[in-house]
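Visitor: here is my input; please provide its structure:
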Amino acid sequence: KPPLHGRHWVAVTGKPLAATAGAMIFQQGGNAVDAACAMLGAVATMWDVLSWGGETQALIYHPGRKQVIGINALGVAPTGATADFYRSRGMNTPPEFGPLSAVTPGTPGGLMTMLAEYGTLSLAQVLAPAIQMADGYAIDAQTANAIESNKERIKQWKYSRAVMLAHPGEPREAPAAGEVFAQRDLATTLRKLVEAERLALRAGKDRKAAIYAAYDRFYRGDIAEEIVRGVREEGGLFTRQDLADWKVKIETPLSTSKGQLVNAAFGFWSIVLRGFGDLRPDHVICCFDVGRSFRADLYSGYKGTRR
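Guide: Just a heads-up that it's a prediction; the model follows:
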């Protein structure tokens, strides 16, 4: 992979289409956190190894303050996910896949917290690329083929197969590379977040409070209710209280520096942030790592622990 250079900004992520979302935000005058949030939303919509039900850690370096800020949006297991519960089901460990492997969805909260605290744009602006993609985008071969190769597992859960398997009963049940892949329920959910922000602004709330109104709708409102309903219908353990009690943590990670090189770490996750020359103090360099994830209609394996 060739090195990338830029005079004013660089948008990098694992999916070119998602990097385009970051470039769009920079072109609108957003800072690096705005762009990172847009890219995170786009990548989560693309169903790579994560989704909107995933979890996020971010390290934000502010060159003016010479400070590394940590956003800890890791999920936790639901309160009912005890050792006794799994043993009562004949399991020595939580399963690798399915609703009983799910942890609290952290990516939405992490994205909205980052944006509220360190971004400059609205949630509506930042989520616009993800919403457009959820309405339908030309799916990439890697994701399409991963769906096809895992279709027997996906068929175990009705919401999964309804979304992921566009051609049930055909030799290839997953969408083909380049086919327009739509996730209508996801688009509806993201629009509900934007609606919560808009209503809060209309009621006189400032930008930050309006974004947190969307946060509350996800974790304490009608979106939370629907997540719990879907998870429990498929045999999971989530409760409304599990979602309401979960919170994003803003932390000071361990870090060391040498010249323009800053090394910061979140426990066993670490990211190296390199100096980018003459950055303005209001510029923020944001890097994020996202773990495996679940959603009510697609469960990926992750063994969570209660923290």
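
Visitor: what about the helices in the chain?
Guide: For the chain, the helices defined by DSSP state H occupy 16-27, 32-45, 83-88, 107-118, 123-135, 141-149, 151-154, 158-164, 184-202, 207-220, 222-233, 240-245.

Visitor: buried deepest among those helices, which one?
Guide: helix 32-45 (a mean of 28; mean count of other Cβ atoms under 10 Å). Using the backbone N, CA and C atoms, a C-beta is placed for each residue, glycine as well.

Visitor: which neighbouring elements make contact with that helix?
Guide: Using 3 or more Cβ pairs under 8 Å, 6 or more residues apart in numbering; DSSP states H and E, the elements in contact with helix 32-45 are helix 16-27, strand 56-62, helix 107-118, helix 123-135, strand 285-290.

Visitor: got CSV for those, with distance to Glu251 and mean pLDDT too?
Guide: Putting the helices and strands packed on helix 32-45 into CSV (distance: least, Cβ to Cβ, whole Å; pLDDT from 0 to 100) gives the following:
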stretch, distance to Glu251, mean pLDDT
helix 16-27, 24, 95
strand 56-62, 10, 88
helix 107-118, 12, 97
helix 123-135, 23, 98
strand 285-290, 14, 37
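
Visitor: now the ones you listed in CSV, with distance to Gly221?
Guide: Output for the helices and strands packed on helix 32-45, formatted as CSV (distance: least, Cβ to Cβ, whole Å):
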stretch, distance to Gly221
helix 16-27, 26
strand 56-62, 21
helix 107-118, 12
helix 123-135, 15
strand 285-290, 24
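
Visitor: tell me which of those lies nearest to Glu197.
Guide: Nearest of those to Glu197, taken as Cβ to Cβ: helix 123-135 at 4.6 Å.

Visitor: what lies in contact with the closest one?
Guide: 17, 20-21, 24-25, 28, 30, 34, 37-38, 41-42, 44-46, 111-112, 115, 119, 182-184, 186-187, 190-191, 193-194, 197-198, 210-211, 214 (Cβ atoms under 8 Å, 6 or more residues apart in numbering).

Visitor: then stretch 228-248?
Guide: 71-73, 75-76, 78-81, 85, 98-100, 102, 104, 106, 109-110, 113, 157-159, 219-220, 224-225, 227, 296-297, 299.

Visitor: picking that back up, the helices of the chain into CSV, with extra columns for distance to Asn263?
Guide: Output for the helices of the chain, formatted as CSV (distance: least, Cβ to Cβ, whole Å):
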stretch, distance to Asn263
helix 16-27, 24
helix 32-45, 19
helix 83-88, 36
helix 107-118, 20
helix 123-135, 28
helix 141-149, 31
helix 151-154, 38
helix 158-164, 39
helix 184-202, 34
helix 207-220, 30
helix 222-233, 36
helix 240-245, 33
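
Visitor: any idea how far the closest residue to Ala224 other than its chain neighbours is from Thr82?
Guide: Excluding the flanking residues, the one nearest Ala224 by Cβ to Cβ, 6 or more residues apart in numbering is Leu243, at 4.6 Å. According to Cβ to Cβ, to the nearest Å, Leu243 stands 18 Å off from Thr82.
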